[in-house]
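Quick one, fold the following:
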Amino acid sequence: MPALRLIVLWHQHQPFYKDLVTGEYRLPWVRLHALKDYYGMVKLLDEFPNVHQNFNLVPSLITQIQDYVAGTAKDPFLNVAAKPAADLTQRERIFALQYLFQANPNNVLGRYPRYRELHEQFREHAYSPDKAERYFQARDFTDLQVLSQIAWFDEFFLEDKDVAALIKKERNYSLEDQKFVIARERELLAKVLPAYTGAAKKGSVEISATPFYHPILPLVSDTNAGAVSSPGLPLPQNRFRHPEDAREQLVRALDLHERVFGVRPQGVWPSEGSVSEEALAIAHSLGVKWMATDEGVLGRSTGAFFARDGNGRLPADLAQRLYSIHRYENGATSMHLVFRDHTISDLIGFVYSGMNPADAAGHLLHNIKEAAQPVLAQGRDAVVSVILDGENAWEYYPKSGREFLRRFYDSVQREAGLESVTISEAIARDRNILPLRSLVPGSWINANFNVWIGAPEDNRAWDYLHHAREFYAQNAGRTGEAQRKLAFEEILISEGSDWNWWYGPEHHSANDRDFDELYRKHLSNVYQALGAMPPDYLAQPITAGEVRPEFTPQSSYIHPRITGDKIRYFEWMGAAMFRADQRAGAMHGKQFLLEALYAGIDSTYVYGRLDFAGPLPEMEFELVANLESWAATEVRPRRTLRLDGKVRDHKLVEWKVEGKEAVVAVSPDGDKESARAALLRSFEFRLPLSWLIATPAVGAPNNQKPSASAVAPTSIVKLRISLWHNRLPVDALPVEGWMELQLLSEAEMGAGM
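Numbers count the residues shown, from 1 in each chain. This is a model prediction of the structure:
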């Protein structure tokens with residue numbers, strides 16, 4: 001019988017946050033993700049001995065974890081979390097408010113009631129640390145310091161008796177509690193790397209490497225590779241061509257892995273799946289047996305486009321091509337290549353977090369089996385490769401996605417004819433490896449390098465790197481060995497992909513400024529290490545400025561007609577507005593279909609309007625509006641409503657509104673004086689406030705409508721709209737959390753303007 005072999009590779013990576021000159025960490029994410037994700041991801045496999053996995057650990061991540069374990073890491077974020085609250089300076093208090101709330105608002109921060117309460121207190125001051133600082137007492141800071149650390153503890157660590165007791169305490173933490181948490185962190189961090197070593201020795205995981213500081217190897221070898229992938233792409237003024245640096249990055253990676261894990265890696269997930277024939281030749285010369293990248297690179301290299309049908313399936317010939325291991329051979333270079341299924345990988349990263357864990361796990365297994373079926377039907381083995389970020393995705397899942405993973409691994413282990421294997425195991429067992437004679441350079445993102453080169457900010461960063469590299473070449477011989485080594489180390493760090501990830505139009509985070517400053521600091525250190533003053537331009541930001549999602553609260557009552565035609569701009573003046581920021585963060589690949597959400601109330605109704613990012617999607621889809629009513633003194637919503645609308649051929653073919661007890665309105669008739677929904681260029685609706693805030697049961701006659709002024713001024717309605725396709729959530733506004741409407745009278749709302 002033909003075999004279905006499943007390859008799952010989790011890529012564990014964080015940028016190099018350490019300033020080698022000062023020794024300080026600019027951001028805390030290595031420590032926090034090492035506490036929350038890395039240990040549990042591999043430890044979980046103890047429960048599933050027949051599920052073999054692949055983990056890719058970036059060497060610069062490993063060295064930073066080692067720094068924390070040794071107690072030599074200088075982390076100002078940890079220092080602020082550890083310092084007695086009463087001793088915090090005003091500057092440290094502001095620093096704490098700026099950074100200790102940087103966590104997923106629902107699944108990390110929102111998991112702890114007191115942490116959520118403090119966040120609400122911060123939000124009341126427009127998320128401004130300077131404004132909020134004076135309203136936080138010492139006890140508030142102590143609770144924040146403790147909870148901001150516990151919130152990042154791995155699910156396995158939360159089971160420790162002492163930690164569980166601290167969580168149960170919930171608030172009013174003491175200095176002793178604070179000291180306990182900080183001390184426990186170092187103990188827990190020390191468990192991470194040994195867990196991977198142990199799993200590798202048992203054979204349950206294969207550990208692969210990435211070039212040391214996570215550079216884009218093809219671009220470090222030659223920035224002109226950017227224009228090979230994207231003809232006509234604007235390139236930096238200065239060509240950066242240093243294949244010797246690319247080789248050094250890979251040599252250091254293989255050597256470190258051998259020292260840490262006791263075995264030299266057989267394979268490499270090149271940074272961002274970035275490959276070229278030159279990069280493959282370098283890896284082959286160093287003994288690397290396999291590399292992995294995205295299906296898009298295979299498609300461009302073979303002239304195929306992996307177009308899927310409406311159910312996400314490939315035709316048999318394309319399925320056979322994608323679900324096979326390839327062997328690249330060209331001259332003296334040979335390399336086994338694995339190509340990830342982009343669609344299935346993205347489902348884990350961006351879709352399944354919005355689903356019930358059991359349903360998501362079942363959907364994933366079904367997708368994998370269905371994808372491989374055309375190959376298995378021909379009597380051939382199928383190798384399906386799922387490769388994605390192994391850390392950032394879990395912030396979007398409840399409890400770090402552990403229930404989802406457990407259910408998925410359990411179903412994989414039970415499925416007859418399905419093997420979950422390491423990549424080396426898959427290569428050894430494969431009888432149908434396909435030849436590949438040429439390779440188009442590209443990454444896992446659109447089979448090109450446009451995220452890291454081509455935009456003005458990207459090209460400026462490459463030019464600055466070029467100048468620093470040239471300065472090093474001309475001046476390194478005039479300094480001592482220690483200075484030369486430090487300068488070259490800073491060059492290698494600056495070649496990392498992470499800096500240009502945040503430059504350009506594609507991505508942003510709350511730490512854009514930090515990344516920009518740290519990149520320019522690394523370059524400045526090159527000059528300083530060689531006894532020179534850095535160029536003046538390194539004192540100026542490269543990034544164009546911080547971009548955030550835009551939110552405007554409701555400023556007056558609105559009374560729009562519900563037609564679905566967004567040209568009636570003035571009818572929505574005064575509405576609350578949330579505009580999406582259509583740039584990705586640390587996770588690339590999210591599909592952006594929605595542009596803005598408008599909402600508001602009058603004395604009788606709540607209104608909503610959803611604008612699309614472009615023309616209405618061509619496929620059939622559903623729009624789901626969830627509404628909740630809350631009062632300040634309550635810990636759960638008073639009422640919930642769900643509006644479901646089905647769209648086919650650009651028309652809203654049916655819709656209904658359901659409360660907790662029953663359906664309260666159904667299209668197409670409904671009550672013309674109450675619920676309405678319409679779709680034209682936008683999706684619009686109105687619902688009676690009585691369905692959310694009245695004392696009568698949901699669906700009571702409309703003569704029992706209260707006005708908004710009859711509700712406590714602190715009462716709110718929360719609103720969120722999502723778009724679903726094939727029973728999967730594709731996009732939502734807001735992506736995280738809810739839009740909130742204050743239930744105020746018209747006079748109160750006007751007075752607040």
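
Just the C-alphas of stretch 732-741, formatted as PDB.
C-alpha atoms of stretch 732-741 as PDB (Å, rounded to 0.1, in the frame of the first residue of the first chain):
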ATOM      1  CA  ALA A 732     -12.200  39.900  11.000                       C
ATOM      2  CA  LEU A 733     -12.400  43.400  12.300                       C
ATOM      3  CA  PRO A 734     -11.000  44.000  14.800                       C
ATOM      4  CA  VAL A 735      -8.600  41.100  14.400                       C
ATOM      5  CA  GLU A 736      -8.200  41.000  18.100                       C
ATOM      6  CA  GLY A 737     -10.700  42.100  20.700                       C
ATOM      7  CA  TRP A 738     -13.800  44.100  20.100                       C
ATOM      8  CA  MET A 739     -15.000  47.500  19.000                       C
ATOM      9  CA  GLU A 740     -16.700  49.100  22.000                       C
ATOM     10  CA  LEU A 741     -19.700  51.500  22.000                       C
END
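
Now that stretch: buried residues?
Residues 732-735, 738-741 are the ones in stretch 732-741 that count as buried (16 or more other CB atoms under 10 Å). Every residue, glycine included, has its C-beta placed from N, CA and C.

So which of those is the closest to Arg579?
For the buried residues of stretch 732-741, the closest approach to Arg579 (CB to CB) belongs to Leu733, at 8.6 Å.

Quick check: pLDDT value at the closest one.
Looking at Leu733, its pLDDT stands at 86.

try Glu634
So, for Glu634, pLDDT stands at 64.

Now tell me which helix or strand of the protein has the poorest mean pLDDT.
Across the helices and strands of the chain, mean confidence by mean pLDDT, DSSP states H and E is lowest for strand 663-666: a mean of 67.

quick one: average confidence on the helix or strand following that one?
Next along the chain after strand 663-666, taking DSSP states H and E as the criterion, comes strand 676-679. Strand 676-679 comes out with an average pLDDT of 91.

so what secondary structure elements neighbour the helix or strand that comes right after strand 676-679?
For strand 676-679, the following helix or strand on the C-terminal side (DSSP H and E) is strand 682-688. Secondary-structure packing of strand 682-688 (3 or more CB pairs under 8 Å, 6 or more residues apart in numbering; DSSP states H and E): strand 605-612, strand 621-630, strand 639-648, strand 651-659, strand 676-679.

Pull the distance from the helix or strand following strand 682-688 to the chain's centre.
Heading C-terminal from strand 682-688, the first helix or strand you meet, by DSSP H and E, is helix 690-693. Mean C-alpha position of helix 690-693 versus that of the full chain (CA atoms, centre = their mean, to the nearest Å) differs by 36 Å.

Counting by contacts, list what helix 690-693 packs against.
By 3+ CB pairs under 8 Å, 6+ apart, helix 690-693 packs against strand 621-630, strand 639-648.

where does Ala539 land on pLDDT?
Reported pLDDT for Ala539: 80.

whoops, I mixed them up, Ala416
pLDDT, Ala416: 94.

and if you look at Ser400?
Ser400 is assigned a pLDDT of 95 by the prediction.

Let me know whether my guess that it is in a strand holds.
No - per DSSP: H, G, I helix; E, B strand; the rest coil, Ser400 lies outside any strand segment and is helix.

Could you give the number of residues near it?
A count of nearby residues for Ser400, using other CB atoms under 10 Å, gives 26.

check contacts around Pro441.
218, 225, 228-229, 274-277, 279, 449 (CB atoms under 8 Å, 6 or more residues apart in numbering).

Tell me which two in the buried residues of stretch 732-741 are the farthest apart.
Spatial extent of these (CB to CB) is set by the pair Val735 and Leu741 at 18.5 Å.

Which parts of the stretch 51-200 of the chain are strands?
For the stretch 51-200 of the chain, the strands defined by DSSP state E, counting those that start in this stretch occupy 53-57.

Now the host helix or strand of Glu595: average pLDDT?
In the assignment (DSSP H and E), Glu595 maps to strand 594-601. Averaging pLDDT along strand 594-601 yields 90.

Give me the residues contacting that strand.
554, 557-558, 572, 574-580, 582, 606-613, 689, 708, 717, 719, 721, 723, 731-734, 739, 741, 743.

Tell me the strands beside that strand, with direction?
Strand 594-601 pairs in its sheet with strand 576-579 (antiparallel), strand 605-612 (antiparallel), by DSSP bridges.

highest average neighbour count across the ones you listed?
Greatest average neighbour count among these goes to strand 605-612 (a mean of 23), per mean count of other CB atoms under 10 Å.

Go ahead and confirm Glu272 touches Ser443.
Yes - with contact defined as CB atoms under 8 Å, Glu272 reaches Ser443; the gap is 4.6 Å.

Now do the shared contacts for these two.
What both Glu272 and Ser443 touch, as defined by CB under 8 Å, 6+ apart, is the set 216, 451-452.

Pro315 contacts Ala371, correct?
No - the pair Pro315 / Ala371 is not scored as a contact, 11.7 Å apart, by CB under 8 Å.

Compare those two (neighbour count), which wins?
Per other CB under 10 Å, whichever of Pro315 and Ala371 has more neighbours is Ala371, with 22 against 12.

what helix or strand does the more buried one sit in?
helix 357-376.

Now do whatever helix or strand comes next after that helix: everything it contacts.
The helix or strand immediately downstream of helix 357-376 is strand 382-389, counting by DSSP H and E. Contacts of strand 382-389 from elsewhere in the structure, counted by CB under 8 Å, 6+ apart, are 2-11, 13, 269, 273, 292, 319, 323-325, 338-341, 344-346, 348-349, 368, 371-372, 375-376, 426, 430, 444, 586-587.

Quick one: list the elements packing against whichever helix or strand comes after strand 382-389.
As assigned by DSSP H and E, the chain's next helix or strand after strand 382-389 is helix 402-414. Helix 402-414 sits against helix 357-376, strand 418-421, with contacts defined as 3+ CB pairs under 8 Å, 6+ apart.

What is the shortest one packed up against?
By that I understand strand 418-421. Under the contact criterion of 3+ CB pairs under 8 Å, 6+ apart, strand 418-421 touches strand 4-12, helix 402-414.

Dump that strand to CSV, keeping only the CA atoms.
Provided in CSV are the C-alpha atoms of strand 418-421 (Å, rounded to 0.1, in the frame of the first residue of the first chain):
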residue,chain,number,x,y,z
LEU,A,418,-0.3,7.9,7.9
GLU,A,419,3.3,8.4,9.2
SER,A,420,4.5,11.6,10.9
VAL,A,421,8.2,11.6,10.1
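
hmm, who's touching it?
Here strand 418-421 has contacts from 3-8, 50-53, 368-369, 409, 412-413, 429, using CB under 8 Å, 6+ apart.

again, but for the first one
Contacts made with helix 357-376 from outside it, assessed by CB under 8 Å, 6+ apart, are listed as 2, 4, 6, 311-316, 319-320, 323-324, 341, 344, 347-348, 351-353, 355, 381-382, 384, 386, 398, 401, 403-404, 407-408, 411-412, 415, 418, 728.

in the stretch 201-350 of the chain, which spans are helices?
Listed in chain order, the helices found in the stretch 201-350 of the chain under DSSP state H, counting those that start in this stretch are 217-221, 225-229, 243-261, 277-285, 295-302, 316-322, 342-346.

Tell me which of these sits nearest to Phe180.
Among those, helix 243-261 sits nearest to Phe180 (CB to CB), with 29.1 Å.
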